[in-house]
Structures are given as C-alpha cells and as structure tokens.
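[1] Kindly generate the corresponding structure for this input.
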Amino acid sequence: MKIVRFSALFFTALALAPALAHLFELPNKIDLSREEYLIVQQIYSGWALLGFVVFGALVSNLMLTILLRKNSRAFVLSLIAFLCILGTQALFWTFTFPANQATNNWTFLPDNWQALRYQWEYSHASSAVLNLTAMITLILAILSEPDRSEIRNSPTQRTREHHVDERMAPACRTPGTQGSRATITSLRTRPYGA
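    Take a look at the predicted model:
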C-alpha cells in the first residue's frame with residue numbers, strides 16, 4: 001500500500017508541474033504577436049515524452065482508489081483524484097491535441113491560429129485546475145486513512161478486544177488457575193480479524 005500511495009503522489013505531482021507551468025505562462029503568452037507566439041511555442045518541443053507521467057498518474061491513482069474502496073471517505077477522495085487526471089486526458093485529446101495537429105505542433109500558424117491559441121492555452125489552463133484538484137484530493141485521501149495506532153486504540157477495537165477476552169478466558173483456563181494472561185494479551189495485540 002505504501003508503494004501505491006507513493007507512486008500516486010509522485011506521478012500526480014509530476015503531472016501537476018508542467019500543467020501549472022502552462023497556467024502561469026498564459027497571461028504573458030495570450031496576447032503575443034503571431035511571430036512571437038510561434039517562437040515561444042517551440043519551448044514545448046519534447047514535452048510529449050511527459051505522457052508516461054500522466055500514464056503513471058492514471059494507473060497509480062486507479063490502483064489506490066481500488067485499494068481504498070473499504071474506507072468510504074478515502075475512496076471518494078481518491079476517486080475524485082483519479083477522475084480529475086482522467087479529465088485532463090479528455091481535455092487534451094478533445095482540445096489540445098487537435099490544435100497541435102492543426103499547427104503541426106506549432107511549427108506553422110494557419111489563418112485561424114488565434115482561435116487555436118485560445119483553444120490550446122485554455123485547455124491547458126483547465127487541465128492545470130484539474131491536476132491541482134487531483135493533487136489536493138489525493139493528499140486528503142491519504143491523510144484521511146487511519147494509521148495503525150488509531151485503529152488499535154479506537155473504541156471499536158477495544159470493544160472487540162474485550163469480547164475476545166470474555167470468549168477466550170474460559171478456553172485459556174486450566175483447572176485450578178485463573179487463565180493465561182499471556183494468551184489473552186497476545187490476542188489483544190493482533191489486529192482484528194487476523
């Protein structure tokens with residue numbers, strides 16, 4: 001479970017970084033001239049390789065969501081994170097990728113380049129919001145998971161241990177003794193259901 005949590009956090013954070021870069025660049029790029037915009041767009045050459053990061057974020061968030069299905073709060077938060085990452089892909093393939101195709105990855109600008117620029121920039125800005133939401137809900141999902149000490153010290157766990165004591169005490173006694181506290185104590189230290 002720790003590896004899945006780490007992977008989800010790692011890949012979601014990596015996916016968030018370039019998304020926020022696009023968002024923070026938008027105010028400075030949106031009004032550039034045709035020539036300036038074409039030059040600036042060349043800084044994204046090779047960014048397609050970041051696709052593995054998005055794939056890692058999707059897979060690790062899906063795995064975490066499945067693993068958290070018994071903890072309703074953590075499950076819902078993790079599911080939101082997964083759906084946000086999935087939403088970034090819906091935006092990319094619906095709006096960003098067609099703009100990349102129409103401009104041959106921004107190596108030339110067709111007559112409708114301004115409309116394509118708005119489409120490209122605002123799809124990336126929307127993806128950044130989804131990525132940020134995914135990161136926040138993922139962190140909340142992980143923080144909402146109880147740690148082992150909380151489970152062990154919870155009223156429910158103590159009640160379960162009390163019932164184990166009452167049921168097991170007669171079985172632990174031998175004629176003429178008060179029972180084996182060591183056996184009862186060892187039952188208390190085991191997680192419920194183990």
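
[2] Where does pLDDT dip in this protein?
    Along the chain, the parts satisfying pLDDT under 70 run over 147-194.

[3] Against Phe108, how distant is Ala134?
    34 Å (C-beta to C-beta, to the nearest Å). Every C-beta, even on glycine, is put in place using the N, C-alpha and C of the backbone.

[4] for Leu64, same thing?
    From Leu64 to Phe108 the distance is 42 Å (C-beta to C-beta).

[5] With neighbour numbers in mind, choose between those two.
    Neighbours per residue (other C-beta atoms under 10 Å) separate Leu64 from Phe108, with Leu64 holding more: 26 against 10.

[6] isn't that one right next to Ala8, touching?
    Yes: if you go by C-beta atoms under 8 Å, Leu64 and Ala8 touch, sitting 4.6 Å apart.

[7] Pull up the overlap in contacts between the two.
    Ser78, Ala81, Leu138 (C-beta atoms under 8 Å, 6 or more residues apart in numbering).

[8] And for the second one, the neighbour number?
    Residues lying near Ala81 (other C-beta under 10 Å) number 31.

[9] so what does the helix or strand encompassing Asn28 touch, helix or strand wise?
    Secondary structure assigned from DSSP states H and E places Asn28 in helix 2-29. For helix 2-29, the contact count by 3 or more C-beta pairs under 8 Å, 6 or more residues apart in numbering; DSSP states H and E identifies helix 51-67, helix 72-91, helix 113-144 as packing neighbours.

[10] burial count for Tyr131?
    Wrong residue type there; residue 131 is Asn, not Tyr. Using other C-beta under 10 Å: Asn131 sits among 28 other residues.

[11] Please name the residues that touch it.
    Thr12, Ala15, Leu16, Ala19, Leu20, Cys84, Ile85, Thr88.

[12] can you put the residues you listed in a markdown table and add distance to Arg117?
    Listed next are the contacts of Asn131 as a markdown table, based on distance: C-beta to C-beta, whole Å:
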| residue | distance to Arg117 |
| --- | --- |
| Thr12 | 28 |
| Ala15 | 23 |
| Leu16 | 23 |
| Ala19 | 18 |
| Leu20 | 19 |
| Cys84 | 25 |
| Ile85 | 25 |
| Thr88 | 19 |
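
[13] out of those, who's nearest Phe52?
    Ala15 (10.3 Å; C-beta to C-beta).

[14] Return the residues in contact with the residue nearest to that closest one when sequence neighbours are not counted.
    Nearest residue to Ala15, sequence neighbours excluded (C-beta to C-beta, 6 or more residues apart in numbering): Ala57, at 4.6 Å. Counting by C-beta under 8 Å, 6+ apart, Ala57 touches Ala8, Phe11, Thr12, Leu14, Ala15, Ile85, Ala134.

[15] circling back: quick one: which of the helices and strands packed on helix 2-29 is nearest Ile43?
    Among the helices and strands packed on helix 2-29, helix 113-144 sits nearest to Ile43 (C-beta to C-beta), with 13.2 Å.

[16] between that closest one and helix 51-67, how big is the angle?
    When axes from the mean of the first three to the mean of the last three C-alpha atoms, to 10 degrees is applied, the directions of helix 113-144 and helix 51-67 differ by 40 degrees.
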